[in-house]
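S.K.: Sequence and predicted structure below; questions after.
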Amino acid sequence: MKFWRQPLDQDQIQIPHGIIHIIEERCKGCGFCVEFCPRNVLAMSKQTNAKGYHPPEVVDGEACSDCGLCTLLCPDFAIYVESSEVPANNKKEAYT
Amino acid sequence: MQPMRSHEGLLIGEHFLLGDYAAAEGAIMAGCRFFAGYPITPATEVAERMSTRLPQVGGIYIQMEDELASMNAILGASWSGAKSMTATSGPGFSLMMENLGLGIMLETPCVLVNVQRGGPSTGLPTLVGQQDMMQARWGSHGDYEIIALSPNSPQELFDLTIRAFNLAEKFRIPVLVMTDAEVGHMTERVIIPPPEEIELIQRPLVRKGDVDPDHFRIYRDPESGDDGDVSPMAIAGEGFRFHVTGLTHDERGYPAMNAEASEWNIKRLVKKIRLHRDEIIQLEERHLEDAEIIVVSYGISARTSLWPIEQAQKEGIRIGYLRLITVWPFPEERIRALAKNIRAFVVPEINDGQILREVERCAAGQAQVIGVNRLGGDILEPQQVLSALRAAAGKPDTAEADMS
Amino acid sequence: MAGRDITDERQFELSGTESFGESDWITGLHPMDVLLRGERLPHIWCQGCGLGTALTTFIGALQWLEKNQGWDLDKVSVVSGIGCTGRIAGYIRLDSFHTTHGRAIPFATGLKLANPELKVVVISGDGDIAGIGGNHFIHAARRNLDITVICVNNFNYGMTGGQVGPTTPHAARAVTTQYGNFEYPFNLPYLAAASGASFLARWTVIHARRLEWTLREAMMYPGYSFVEVIAPCSTSYARWNPEGRGLDPEKLRRRGLELMKHYQAIGKVAHGTHPKDAAIKVNKEGAIIEIVEGVFSDEPKPDFQTAIDEQVQIAKGRWQATQKALSERSQIPKRTDIIRRTEVQLGGFGGQGIVSAGRIIGQAATIYDKLEACFTQSYGPEARGGAAGSQVVIASDPIHHPHLIEPTNAIIMSQEAYAKYVPKLATGATLLIDDGLVTLPEERRQDLKTYGIPATQIAEELGNSRAANTVMLGLWTAIIGAVSKSAMQRSVADAVPPKTVEVNLNAFEAGFNKGLHDQGSNAV
């Protein structure tokens, strides 16, 4: 994500960061979390769970901003985000 | 909401009271604090009385949009801990069948008063019938047992409505008070004793703190065995976070879709009634010892048979009287035993022969079973019953009897 | 009652997909597990079904209310009907009721009214709430009962395999509308608004966050709140309709997702939209092309419970008055002579107090003279002006037969009643008429003892024409003698409005004196 100009207070703003937990065996592979993640943190895994569904996997964990949308959208209680104490913009790859 | 035994607002003493009103007063005395209904002749006066009286004792009256809603609302209220009741007739009773079944399945204590009128369909809104007796037994789909009581006077409407609540609470089941337009619309003396003299039964209840919610079973104490015991009930808001469903379920109230669960489920529903039949069945018996003819009847038809019975006795016919105060469960064993030693049962009722079939089933060919029927619209004429009694005894139907 | 651990082996075996012990769900892994019945999961909903998302938003809202508003979730009850959505009650770890089809709202009504402390939420589907339960839906809105109704709308009957429903868009396909739906659907927020609901909202599940916020608001709202939640039916509805049909094989495997994307694309957030403008728009092929979303209305109005509480105060005041009147009821000595079965027929037209007169006799006989009496009245659809009749049987012994068999006397106050009842009187019966209103025909029964009194005229002269029935009762008491005068006077005073007691007792006296005077002679 690129801004056409940098906010003046960019240094003080702390972008929240989250740690994603996936409970693979609960997943039915609907793809909601992958499709609607605003920061493209997730992708469908090539692996299947015991029921034959492809659960999601984290492909860009550092980008997660702890918005919680995946937790809320997942119809199967198979994914949730835990707030991290380390802000996302202190992470190396938070902004490019 | 746990009903408090407050005596404020209770009517006591002697009153010249309409039958429907007596049912309402009985309910209030029994601790009923929630009524939901829909206007229908001839049961409307139960609702009218409740609408005036319930707010006076801190209860809730609500007129729902139909009888489906009324029946559901009283189930909901019961799960909030209130003793609850509805009253209806004819088509309204048909509409209540769906959720009478839900009440049975969820094992919900409540009382349904049916002031029977003539049917089928809209039938005879203002006139008497006893045509819903089999619907009371089998009207909701599926296998179950039910309790139905049949009062023959406003006084009994008062007394039996209290009993209906006691049975409902004890056995966690909807109880039917199967009265009729004649008794419901009749005004007579009703004596209401002081509340201290009336025994009230409360449902077996688990309260907050009694049991760890994680170990609570809404349908069976796991320790109690499968012997017809009634499981303690929890009510909403006490922290048990229980689930109940109209689906076939297990003891946790969770859906269980298979034959074994169905067997367990239905057996429990029927056993809790069948194994307590002696306690539930109440009969009035007169002159059965050496009877050759026994009149088996209930409600208003039993009452109007008393004069012809006295007349027939004067004519030398040995005649007994068995009144079904509890109609369901049916006193099978009693009828079976009596059938061995008598000539005939005579069954007067205002329908085309409903309880007659039960008597026939139990008599099993050992005694003749004769119906005296009127198909709704009016009570049985004494002369009609007397003629049937004479015929049953093999005597000629001669002179008109003097009424006095 | 000693409990067993829930993971113990069961005492009897249940098999099947919906039984305890079959679950592969390990609970405690997800922050929402605390409000789920883990032993019943995974749930029955299909891959890509929006119901799971509806449930997460609901749980999210509850957890927020618990944390930020101090809600005790033990006091929250969830009521569902039948259908896919109806199963929510079975998965949420709260007091939960899975009722019959369409009946969740009336069940919830009873639950809430009997314990106003409870927060009651109805969650059910469109077929359940707007189809079979439509009547309950509008009436609960009309009452403004303080419950929250969440209707998850997936545009068809999903559980039974995708039949058309009350919300299926026009021209859309369902298994029972293979040539396109020829009916028109409900606009649910508009229906709720017209029925009186004042909190109205709609979200698709793709707007999960805003849906969760709205659910919090709806549950906190004082009064009836309605939230329509649009959710994809990935298996049934998507199969037949343009939004999910004809997808390439990879996407076909995730029809629910395609529907979610579609709803995201066509959803139009517009808070404050008038519900009439919130109909779901479709094209000619029945494909949904616009869904207006947002909170449409949230202006509280007086709620139902407040109105009930106010009534209780009035009712209790009235009970005090009733109790006072009852406590002042005087007693007279029990009648000791034997009264043989006396059958009284009363007849006239509606408005004359024929029914009241019969009841007054019955009350006098039972409550004051301590006799037995059975009072019945003839019911007809007519109100005032029509024929009115009532009957009383009086005796010292219990009354087996409540109807008149051989009426021994009659009070007749109209020509029509004369024609109707007089032929049925017993031989030698006593007939009392208001001879200002009833003219005896030339050809008449000669066996009757007939007494006349211009009751209506006398009552008018006394200043209240409505006391005519009391004049007749006075005459009846004097002539028939089955009930004592003092009992009748007390019963009259009990029955009439307090302001008219005096005029009625005067009317009674007038009739009684005429009766004493005429007694023994056939006056007419």
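M.R.: Cool, got the structure. Bear in mind the structure is a predicted one, so any value in this text is a computation, not a measurement.

S.K.: Give me the local confidence score for the closest residue in space to C:Glu66 that isn't next to it in sequence.
M.R.: Using CB to CB, 6 or more residues apart in numbering or on different chains and skipping the chain neighbours, the partner closest in space to C:Glu66 is C:Leu73 (5.5 Å). Every residue, glycine included, has its C-beta placed from N, CA and C. What the model reports for C:Leu73 is a pLDDT of 98.

S.K.: can you check C:Pro302 too?
M.R.: Note on C:Pro302: pLDDT of 84.

S.K.: so which helix or strand takes in it?
M.R.: Following DSSP states H and E, there is no helix or strand that holds C:Pro302.

S.K.: Skipping its backbone neighbours, what lies nearest it in space?
M.R.: Nearest in space to C:Pro302, with sequence neighbours left out and distances taken as CB to CB, 6+ apart, is C:Asn144 at 7.3 Å.

S.K.: now C:Ala104
M.R.: Nearest residue to C:Ala104 in three dimensions, chain neighbours excluded: C:Gly81, at 4.1 Å (CB to CB, 6+ apart).

S.K.: which ones are touching the residue nearest to C:Glu66?
M.R.: C:Leu35, C:Leu62, C:Leu65, C:Glu66, C:Leu94 (CB atoms under 8 Å, 6 or more residues apart in numbering or on different chains).

S.K.: Nearest to chain B among those?
M.R.: Nearest to chain B out of those is C:Leu94 (CB to the nearest CB; 5.4 Å).

S.K.: surely the closest one meets B:Phe242?
M.R.: No. Between C:Leu94 and B:Phe242 there is no contact under CB atoms under 8 Å: 9.2 Å.

S.K.: between these two, who's got more neighbours?
M.R.: Neighbour count, other CB atoms under 10 Å in any protein chain shown: between C:Leu94 and B:Phe242, B:Phe242 has more, with 24 against 21.

S.K.: so how far is C:Asp74 from that one?
M.R.: 11 Å (CB to CB, to the nearest Å).

S.K.: any shared contact partners between the two?
M.R.: C:Asp95.

S.K.: Do you have the helices of the stretch 401-524 of chain C handy? List them.
M.R.: C:415-421, C:455-462, C:468-480, C:485-495, C:501-518 (DSSP state H, counting those that start in this stretch).

S.K.: Tell me the buried residues in the first one?
M.R.: Taking 16 or more other CB atoms under 10 Å in any protein chain shown as the basis for neighbour counts, the residues of helix C:415-421 that come out buried are C:Gln415, C:Glu416, C:Ala417, C:Tyr418, C:Lys420, C:Tyr421.

S.K.: what comes into contact with the worst-scoring helix or strand of chain C on mean pLDDT?
M.R.: Sorting the helices and strands of chain C by mean pLDDT, DSSP states H and E puts helix C:249-252 at the bottom, at a mean of 78. The contact list for helix C:249-252 (CB under 8 Å, 6+ apart) reads C:Leu257, C:Glu258.

S.K.: Identify the residue spatially nearest to residue 35, adjacent ones excluded.
M.R.: No chain specified, so I'll use chain A. That would be C:Leu257: by CB to CB, 6+ apart, it lies 5.8 Å from A:Glu35.

S.K.: oops, I was thinking of chain B
M.R.: For B:Phe35, ignoring the flanking residues on the chain, the nearest one in space by CB to CB, 6+ apart is B:Met50 at 4.1 Å.

S.K.: Show me what secondary structure element comes after the helix or strand containing the one you found.
M.R.: Under the criterion of DSSP H and E, B:Met50 resides in helix B:44-53. With elements assigned by DSSP H and E, the helix or strand that comes after helix B:44-53 is strand B:60-63.

S.K.: And the average pLDDT for that following strand is what?
M.R.: 97.

S.K.: got the contact list for it?
M.R.: Under the contact criterion CB under 8 Å, 6+ apart, strand B:60-63 has outside partners B:33-39, B:47, B:50-51, B:54-55, B:73, B:77, B:82, C:109, C:113-114, C:308.

S.K.: State the distance from C:Ala307 to C:Arg143.
M.R.: As judged by CB to CB, C:Ala307 and C:Arg143 stand 9 Å apart.

S.K.: Next, see if the longest helix belonging to chain C gets close to chain B.
M.R.: Counting residues, the longest helix found in chain C (DSSP state H) is helix C:304-327. Yes. Using CB under 8 Å from any CB of the partner chain, helix C:304-327 reaches chain B at C:Ile308, C:Gln311, C:Val312, C:Ile314, C:Ala315, C:Lys316, C:Arg318, C:Trp319, C:Leu326.

S.K.: The stretch 51-200 of chain B: strands as residue ranges?
M.R.: B:60-63, B:83-88, B:110-118, B:124-128, B:147-149, B:174-180, B:187-192 (DSSP state E, counting those that start in this stretch).

S.K.: packing partners for the shortest one?
M.R.: Strand B:147-149 makes packing contacts with helix B:133-138, helix B:154-171, strand B:174-180, strand B:326-328 when contacts are defined by 3 or more CB pairs under 8 Å, 6 or more residues apart in numbering or on different chains; DSSP states H and E.

S.K.: Check which helix or strand C:Ile289 maps to.
M.R.: Assigned by DSSP H and E, C:Ile289 falls within strand C:288-298.

S.K.: Kindly apply the preceding question to A:Thr71 instead.
M.R.: Going by DSSP H and E, A:Thr71 is in helix A:69-73.

S.K.: Which residues outside that helix are in contact with it?
M.R.: Residues outside helix A:69-73 that contact it (CB under 8 Å, 6+ apart) are A:20, A:32-33, A:36-38, A:42, A:79-81, C:31-32, C:53, C:56-57, C:60, C:205-206, C:208-209, C:212.

S.K.: got the residues of the stretch 51-200 of chain C near chain B?
M.R.: Selection of the stretch 51-200 of chain C residues close to chain B by CB under 8 Å from any CB yields C:74-75, C:77, C:79, C:89-90, C:93-100, C:102-103, C:105-115, C:117-118, C:135-136, C:139.

S.K.: and those residues, which of them are in helices?
M.R.: If you go by DSSP H, these have C:89-90, C:105-114, C:135-136, C:139 in helices.

S.K.: ok, the closest residue to chain C within chain B - how many residues close by?
M.R.: Nearest residue of chain B to chain C: B:His215, at 2.2 Å (CB to the nearest CB). Using other CB under 10 Å, B:His215 has 14 other residues around it.

S.K.: That one and C:His274, how far apart?
M.R.: Applying CB to CB, the value for B:His215 to C:His274 is 52 Å.
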